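K.L.:
make a model of this:
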Amino acid sequence: MIGMLRMVVVLSALCGLSGFVLSYLKMVTAPRIEEQVLTYVQGPALARVFAHARNSPIADRRSFALEHGAVTVFPALRDGRLAGVALEERGKGYGGDIGVMVGFNVDNDSLEGIGVTTLKETPGLGMRVTEPAFASQFSGARAPVALTAQGGGIDAVSGASISSGGVVEAVNKAAQVYSRIKPEILRAWSE
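P.N.:
Numbering: from 1, shown residues only. Next comes the predicted model:
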């Protein structure tokens, strides 16, 4: 009986120590992980959305509070003035969530473009939503957007209608967030 009690105490101590070490490592590595995501995931998507930006959207980013959390907004400046903003949203794809960086022109609220940040879609089919032939359809469009099968102007990738629909869903979610926080965005970058 004493041996069993000793075993329970030792296992409990090991589990507690392991939990503490894992939570400490997560806390210590979180800033580095965020930096890696900004540089290697969101950065390339922002470069596709804002090829004309004269600033570093990653360095100039700001967070805005929403009822379900915070959203990070990446600005594009031209001649020292706010020309566009981008934010990331997610839509349901065939293989899981599809992360999409969506850029907006702040002068006329049209879409500046999109860049896919994360996806787990089928190679050769769903992965084609990252190709310029699909992504370029969003430039200059006005939200909400829809696939041609739903009466919109966006042609789905052949054989990947679920993935295409996930991108459209993410774009429309981003448009809703953008319209909700646009006054705050304009105020933040006018100061």
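K.L.:
quick one, longest strand in the chain?
P.N.:
For the chain, the strand with the greatest residue count under DSSP state E is strand 81-92.
K.L.:
which parts of the next helix or strand after it are buried?
P.N.:
Following strand 81-92 in sequence order, the next helix or strand is strand 97-105 (DSSP states H and E). Neighbour counts over strand 97-105 (16 or more other C-beta atoms under 10 Å) mark D97, I98, G99, V100, M101, V102, G103, F104, N105 as buried. (Glycine included, C-beta is placed from N, CA and C.)
K.L.:
pairing partners for strand 97-105, with directions?
P.N.:
According to DSSP bridges, strand 97-105 forms sheet pairs with strand 81-92 (antiparallel), strand 111-118 (antiparallel).
K.L.:
give me the residues contacting it.
P.N.:
Applying C-beta atoms under 8 Å, 6 or more residues apart in numbering, the contact partners of strand 97-105 are 41-42, 45-46, 48-50, 74, 76, 83-92, 110-119, 121, 129, 138, 163, 166-167, 170-171, 174-175, 178.
K.L.:
just list whatever residues bridge to the most centrally placed residue in the chain.
P.N.:
Centroid check for the chain by C-alpha atoms, centre = their mean gives E88 as the closest residue, at 2.7 Å. Counting by DSSP bridges, E88 is bridged to M101.
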